[in-house]
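Asks: Here is the input, now give the coordinates:
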Amino acid sequence: MKNRLRETWNSGKPALNGWLGIPSTFSAEIMSKQDFDSITIDLQHGLTDYSIAVPMMQAMSASDATMLCRVPWLEAGIIMKLLDAGAMGIICPMINSRKEAEEFVGATRYAPLGYRSSGPVRAGLIYPDYHNQANDQIISLAMIETEEAVTNAEEICATPGLTGIYVGPSDLAISMGEGPGLDRKPGKIYDAIQHVLKIAKKAGIRAGLHCMDPNYIKEMYASGFEFASLSNDVRLLTQIVSSQINDVRS
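Replies: A predicted model of the protein is given here:
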């Protein structure tokens, strides 16, 4: 099973992730051709559901970008269905405790490492020897995005089988009494993010976060993050169209 995301990490390089909020196979195909190490289909805040997520993964199959999905919530059924459909990893929102982290990881792993049910209806077709390799290849990223999760970060990061954590700066800021926003500058939220990063590094797992600006991503790579998402397809499309229109009208 080829896994570009793990290959990037194993080479010692940080990974760049694309983000899909538009429920379109063509948008997914375009994004998958842009040299991202991985692409995430967002089923939480994006406009995508399972019925379109599967064709989107099919559209990206010609690319070597690792296909991930962010699920709407910690619910084993949708986690397993997306993995069976070919997702190589899951980002799960609002993981606030070790118990929730264990439940999440368990849904992504076959016994004896978890309780995932066997039925890789599409994954078994596209990935050779799927059952024997899935436990080693599937990526599980728990979202740290509340003050409670920051408090429990050490226990969460120590969860057996967890690939890494993924910081959601906007929800984290709201939880800690500030306004939403990515690319946090030094201050309370920034300090909390760096605190979680240190805990993840100490635990030997990967640390990622969602960003807007390419230069900010470079700063976060330099600070130790190994995984970063560059905005999303909605914002990128909006930015380039707005910029082009402004150029014409200026």
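Asks: ranges for the strands of this protein?
Replies: 15-20, 38-42, 66-70, 89-92, 139-144, 164-167, 206-211, 227-230 (DSSP state E).
Asks: nearest to residue 1, of those strands?
Replies: Of all those, the one in closest proximity to residue 1, counting by CB to CB, is strand 66-70 (10.1 Å). C-beta coordinates here come from the backbone N, C-alpha and C atoms, glycine included.
Asks: Send me the closest one as PDB with only the CA atoms.
Replies: Written as PDB, here are the backbone C-alpha positions of strand 66-70 (Å, rounded to 0.1, in the frame of the first residue of the first chain):
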ATOM      1  CA  THR A  66      -2.800  10.200   0.500                       C
ATOM      2  CA  MET A  67      -6.600  10.400   0.800                       C
ATOM      3  CA  LEU A  68      -7.900  11.500   4.300                       C
ATOM      4  CA  CYS A  69     -11.300  12.300   5.600                       C
ATOM      5  CA  ARG A  70     -12.400  14.500   8.400                       C
END
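Asks: quick one: strands adjacent to that strand?
Replies: strand 38-42 (parallel), strand 89-92 (parallel) (DSSP bridges).
Asks: Present those as JSON lines; the columns should include distance to residue 230 and mean pLDDT.
Replies: Converted to JSON lines, the strands paired with strand 66-70 look like this (distance: least, CB to CB, whole Å; pLDDT from 0 to 100):
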{"stretch": "strand 38-42", "distance to residue 230": "11", "mean pLDDT": "99"}
{"stretch": "strand 89-92", "distance to residue 230": "15", "mean pLDDT": "99"}
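Asks: right, so of those, which gets closest to residue 156?
Replies: That would be strand 89-92 among those, by CB to CB, at 11.2 Å.
Asks: need the strands paired with strand 66-70 in CSV with mean neighbour count and distance to residue 209, can you?
Replies: Listed next are the strands paired with strand 66-70 as CSV, based on neighbours: other CB atoms under 10 Å; distance: least, CB to CB, whole Å:
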stretch, mean neighbour count, distance to residue 209
strand 38-42, 26, 13
strand 89-92, 26, 11
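Asks: Redo those as JSON lines? Include distance to residue 82.
Replies: Putting the strands paired with strand 66-70 into JSON lines (distance: least, CB to CB, whole Å) gives the following:
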{"stretch": "strand 38-42", "distance to residue 82": "8"}
{"stretch": "strand 89-92", "distance to residue 82": "7"}
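Asks: ok so, going back, figure out which of the strands of the chain is closest to residue 2.
Replies: Of all those, strand 66-70 sits nearest to residue 2, with 8.5 Å by CB to CB.
Asks: Mind listing what's buried along that closest one?
Replies: By 16 or more other CB atoms under 10 Å, the buried positions in strand 66-70 come out as 66-70.
Asks: before we move on, the earlier item: which among the strands of the chain is found nearest to residue 188?
Replies: Once the strands of the chain are compared by CB to CB, strand 164-167 is nearest, at 14.0 Å.
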